[in-house]
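Engineer: Here is a sequence with its predicted model. Questions after.
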Amino acid sequence: MICMSINHTIPHKSRETISFSEERTTQKPVFLLQSTENQHLTMAPTPPSVSTMNSNEDDNFTNNTQIKQLHEFPRVPLCHQPTPLESMPRLTSHLHPNSTPNEGPNYHIKRDDCTGLATGGNKTRKLEFLLADALRQNADMLVTQGAVQSNHVRQTAAAACKFGLGCHALLERRVPDRSDSYESTGNVLLDSILGSTLEFRPAGLDMNAEARAVCDRLRGEGKRPYFIPGGGSNPIGALGYVSAAYEMLDQFSERGMDVGWVFIATGSTGTQAGLLAGFHAAGSDVKVMGISVRQPKEKQIAAVHKLAVETAAQLTDEPLDVSKVYVDDGYVGEGYGLPTEGTIDAIKTLARTEGVLLDPIYTAKGMAGMIGLAKQGFFDGEKDVVFLHTGGSMALFAYGNEFA
């Protein structure tokens with residue numbers, strides 16, 4: 001396995017960006033990111049170097065593929081990065097009591113629950129790029145949407161605070177048969193503490209359309225809203241997980257890891273699509289398995305592929321085939337936000353083997369999927385398997401009855 005660092009920049013399609021000025025120091029270069037009216041000035045660190053882990057095709061990849069580096073995209077600093085990549089020896093022993101570390105599979109966890117913004121989570125990476133675009137457009141507030149216990153809304157509200165912007169969120173009552181406290185505890189409590197204004201909507205609406213309509217209303221009131229789709233999942237936000245893919249490849253290379261699979265919970269598609277686009281642009285053969293938390297397999301594959309293609313097109317001219325999109329919908333249970341027995345077992349297992357807390361809506365279903373496939377022998381012959389923890393443990397407080 002050949003490891004190589006890509007440090008060159010190749011001209012790419014033109015794209016309107018915020019101006020950057022570069023300071024030359026003995027440290028890594030730093031880029032100054034500034035809004036069009038000079039109201040916000042902050043320092044955005046150069047993203048980690050990109051390493052590819054590819055076999056025998058590295059030279060062809062670098063010679064024949066155009067790559068746009070992430071420092072060419074507008075970005076603001078919100079995220080603690082690189083986030084830790086930790087081994088999980090006790091979970092590994094729990095799942096494979098008769099195997100040795102040399103034999104594999106060995107399980108690891110990428111701690112994107114430690115991104116730092118208002119208890120952390122995966123949306124912080126996306127918001128680095130989305131906030132930069134909002135500042136470029138001279139927005140004075142952010143408008144977004146999510147389910148009642150949305151991790152995305154909580155992190156968006158916190159990001160708005162960092163830049164002195166307002167935040168208004170629409171919360172969908174997507175999960176049935178919840179107690180009244182479901183709408184006042186967990187993430188909803190933090191939304192309020194962070195100063196976000198909230199509106200509730202019944203289940204089943206086109207929530208992005210609802211949020212766009214609210215933006216139109218706010219413009220009529222003299223506001224300058226910036227719309228962020230649910231989960232921050234569009235080609236701008238997905239760049240956050242291109243960055244994560246590059247970061248992970250660096251970590252795999254530094255540690256001599258042989259990673260065949262990265263496992264995640266997949267919902268609004270942006271995290272899986274960004275990882276796919278990043279690994280694809282870097283020429284890596286690491287595969288990403290998305291454990292669906294809501295949609296049936298074929299519908300989720302189509303949605304992930306569409307966004308992955310749109311995201312990858314900003315970076316490379318190499319086509320990204322749908323065959324690279326992996327989704328398992330066998331762990332959804334009765335629906336979004338409704339924990340299964342496997343969900344609860346996954347939360348307890350990881351807590352009691354590794355001291356790591358999952359959330360009952362996303363990551364626990366993702367972990368249940370990884371554990372279930374491990375028990376079926378899916379990873380036989382693999383050396384290293386990585387689970388991406390996307391955060392959200394605050395939602396546990398809204399699901400206390402599930403653990404009674």
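Structural biologist: Looks like it came in fine.

Engineer: pretty sure residue 370 is touching residue 290, no?
Structural biologist: No: under the criterion of CB atoms under 8 Å, residue 370 makes no contact with residue 290, lying 11.3 Å away. In this view, the C-beta of every residue, glycine as well, is placed from N, C-alpha and C.

Engineer: Show me where the protein dips below the pLDDT cut-off.
Structural biologist: 1-67 (pLDDT under 70).

Engineer: Give me the three-state assignment for the residue sitting furthest away from the middle of it.
Structural biologist: Of all residues in the chain, residue 98 sits farthest from the chain's C-alpha centroid, using CA atoms, centre = their mean; the distance is 33.7 Å. Three-state assignment for residue 98 (DSSP: H, G, I helix; E, B strand; the rest coil): coil.

Engineer: And residue 368, by the same measure?
Structural biologist: Classified using three-state DSSP, residue 368 is helix.

Engineer: who's in contact with it?
Structural biologist: Residue 368 makes contact with 291, 331, 340, 342, 343, 345, 346, according to CB atoms under 8 Å, 6 or more residues apart in numbering.

Engineer: Also residue 290?
Structural biologist: The contact partners of residue 290, by CB under 8 Å, 6+ apart, come to 264, 265, 266, 272, 300, 304, 325, 326, 327, 328.

Engineer: Pull up the gap between the residue farthest from the centre of the chain and residue 377, please.
Structural biologist: Plainly put, residue 98 is 13 Å away from residue 377 if you go by CB to CB, to the nearest Å.

Engineer: before we move on, what about residue 154?
Structural biologist: 38 Å.

Engineer: Looking at those two, which is more packed in?
Structural biologist: The residue with more neighbours, out of residue 154 and residue 377, is residue 154; 30 against 8, by other CB atoms under 10 Å.

Engineer: Tell me which helix or strand the more buried one sits in.
Structural biologist: For residue 154, the enclosing helix or strand under DSSP states H and E is helix 151-162.

Engineer: Then residue 260?
Structural biologist: Assigned by DSSP H and E, residue 260 falls in strand 259-266.

Engineer: got the CA coordinates for that strand in PDB?
Structural biologist: Output in PDB follows, covering the C-alpha atoms of strand 259-266 (Å, rounded to 0.1, in the frame of the first residue of the first chain):
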ATOM      1  CA  VAL A 259      -9.100   0.500   6.700                       C
ATOM      2  CA  GLY A 260     -11.600  -1.300   4.500                       C
ATOM      3  CA  TRP A 261     -14.800   0.200   5.900                       C
ATOM      4  CA  VAL A 262     -16.000   3.400   7.500                       C
ATOM      5  CA  PHE A 263     -19.400   3.000   9.200                       C
ATOM      6  CA  ILE A 264     -21.800   5.900   9.800                       C
ATOM      7  CA  ALA A 265     -25.500   6.600  10.400                       C
ATOM      8  CA  THR A 266     -27.000   8.200   7.300                       C
END
